[in-house]
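J.: Whatever this is, show me its structure:
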Amino acid sequence: MSFLPDLLTPGLIAFALGVTLLAGVVKGAVGFAMPLIMISGMGILLDPKLVIAGIILPIVLTNLLQVARCGWAEAKAALRDYKVYILIVCVLILLSAQLVTVISTGVMYLVLGIPVTLLCAIQLLGLKLVIPEARRLVASVVAGILSGLLGGLAGTWGPTTVLYLVAIETPKARQIVVQGVIYGLGSIMLLAGHLKSGVMNSETVWFSALLLLPALAGMWIGFQIQDRIDQATFRKATLAVLLIAGLNLIRRGLIG
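T.: Numbering: from 1, shown residues only. Next up, the predicted model:
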């Protein structure tokens, strides 16, 4: 049994470390997008299923750190206030992860990339999507189902989660802690799901462990950026990151 999968040359390992460092910086700055950047970036040269395995340990640890930084009291409040959304996401991530080995990666990229790109472009052009208070329970169910399915299939449920939080006008500080709770619990479900699916195994776990250090280093840098940006800048930066990532996913889905 090899320490790392045989297809990982030193050059590919260095490439994966660099992408993960960048993903960590963005994660620390805006609170999300680590798995999306890692998948769309590393997926250029690496097998998508290996990439999904690689993101798991970094996103588990970085989300726990994100929650800890915001405070456990805030995390408990977020868990209480968003319990319907969180429960749906976690259950569907666990279930849909079993479909990774039978669904085309191109389809996964397109299913995630197209709606994210369209919704972000619309908001960046000035149309602010706001969900009325009376419809937020229904919205949380719909968004939770979509996020959970995408989380299990593509390894990332950040874009739909962020779009949902932006649409219900969640303040910056609150959004960061809610994201940490949702992503933290979801990443644990993703780990459990892929231990069962076989994507995470005795070989790929070492690749995931290798990516922990650049993920943490990047996140520390991102935290310094986050502390210096206001709510309006934070929202625009969030949408811009989503738009770029969404376009890259569409490109991957179309050209393979």
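J.: excluding its backbone neighbours, what's nearest Leu146?
T.: Among residues not flanking Leu146 along the chain, Thr160 sits closest, at 5.1 Å (CB to CB, 6 or more residues apart in numbering). Where C-beta positions appear, they are placed from N, C-alpha and C, glycine not excepted.
J.: Quick check: that neighbour vs Ala167, distance?
T.: Separation of Thr160 from Ala167 (CB to CB, to the nearest Å): 10 Å.
J.: Neighbour count for the two, which is higher?
T.: Each of Thr160 and Ala167 has its neighbours counted (other CB atoms under 10 Å); Thr160 has more, 25 against 17.
J.: my guess is the more buried one contacts Ala143, does it?
T.: Yes: counting by CB atoms under 8 Å, Thr160 touches Ala143, with 5.9 Å between them.
J.: Can you work out which other helices and strands pack against the helix or strand hosting Ala78?
T.: For Ala78, the element it lies in under DSSP states H and E is helix 72-81. Using 3 or more CB pairs under 8 Å, 6 or more residues apart in numbering; DSSP states H and E, the elements in contact with helix 72-81 are helix 172-197.
J.: Distance of the residue nearest to Leu165 when sequence neighbours are not counted relative to Arg235?
T.: The shortest distance from Leu165 to any non-neighbouring residue, by CB to CB, 6+ apart, is to Gln175 (5.1 Å). Gln175 sits 9 Å away from Arg235, going by CB to CB.
J.: shared neighbours, these two?
T.: Residues touching both Gln175 and Arg235 (CB atoms under 8 Å, 6 or more residues apart in numbering) are Val166.
J.: residue ranges for the helices of the stretch 101-250 of the chain, please.
T.: Under the criterion DSSP state H, counting those that start in this stretch, the stretch 101-250 of the chain contains helices at 105-124, 136-154, 158-167, 172-197, 204-210, 212-226, 231-255.
J.: Sounds good, over and out.
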